[in-house]
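Engineer: Sequence isn't available, so here's the structure alone:
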């Protein structure tokens with residue numbers, strides 16, 4: 001999907017815009033952002049994610065269910081355990097870009113613009 005091309009009809013573009021707004025709404029939660037950042041490193045179980053984001057496993061499971069419905073994460077089952085991963089690289093990029101924008105808001109010299117030798 002390339003919503004920037006002129007080949008996209010107005011109706012298609014309206015659908016993409018509506019779904020994009022739903023994606024941003026889904027990502028408008030700090031715990032979900034932390035989950036996505038954790039999953040950017042690779043596949044994790046609910047318990048590992050819960051420990052990583054410092055939340056109860058039941059709370060993380062609820063967030064993961066919403067992220068699955070939005071097709072942002074997928075699950076792989078192994079026995080009675082589920083392992084989650086990002087469905088594609090786009091959620092990771094959205095969250096990374098949002099973190100970078102936050103750095104611009106909070107810092108005049110954001111970390112992602114600094115060279116490794118910068119303080």
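Structural biologist: Cool, the structure landed. Quick caveat: nothing in here was measured; it's all calculated off a predicted structure.
Engineer: buried set for stretch 106-119?
Structural biologist: By 16 or more other Cβ atoms under 10 Å, stretch 106-119 has no buried positions at all. Heads up, the C-betas are built off the backbone N, CA and C, glycines and all.
Engineer: If you could redo that for stretch 26-38, that was the one I meant.
Structural biologist: 26-27, 32-36, 38.
Engineer: I'd like these as a markdown table, with pLDDT, distance to residue 48 and secondary structure appended.
Structural biologist: Shown next, in a markdown table, are the buried residues of stretch 26-38 (pLDDT from 0 to 100; distance: Cβ to Cβ, whole Å; DSSP: H, G, I helix; E, B strand; the rest coil):
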| residue | pLDDT | distance to residue 48 | secondary structure |
| --- | --- | --- | --- |
| 26 | 92 | 21 | helix |
| 27 | 92 | 21 | coil |
| 32 | 97 | 16 | helix |
| 33 | 96 | 17 | helix |
| 34 | 96 | 13 | helix |
| 35 | 97 | 11 | helix |
| 36 | 97 | 14 | helix |
| 38 | 97 | 8 | helix |
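Engineer: Out of these, name the two that are farthest from one another.
Structural biologist: 26 and 38 (16.1 Å; Cβ to Cβ).
Engineer: Could you list the low-pLDDT ranges of this structure?
Structural biologist: Counting by pLDDT under 70, the chain contains low-confidence ranges at 1-7, 117-119.
Engineer: 80 - rerun?
Structural biologist: For the chain, the stretches with pLDDT under 80 are 1-9, 107-119.
Engineer: how about the strands in it?
Structural biologist: Secondary structure of the chain by DSSP state E: the strands cover 44-45, 73-78, 81-86.
Engineer: how about a markdown table for those, with mean neighbour count added?
Structural biologist: Output for the strands of the chain, formatted as a markdown table (neighbours: other Cβ atoms under 10 Å):
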| stretch | mean neighbour count |
| --- | --- |
| strand 44-45 | 17 |
| strand 73-78 | 13 |
| strand 81-86 | 16 |
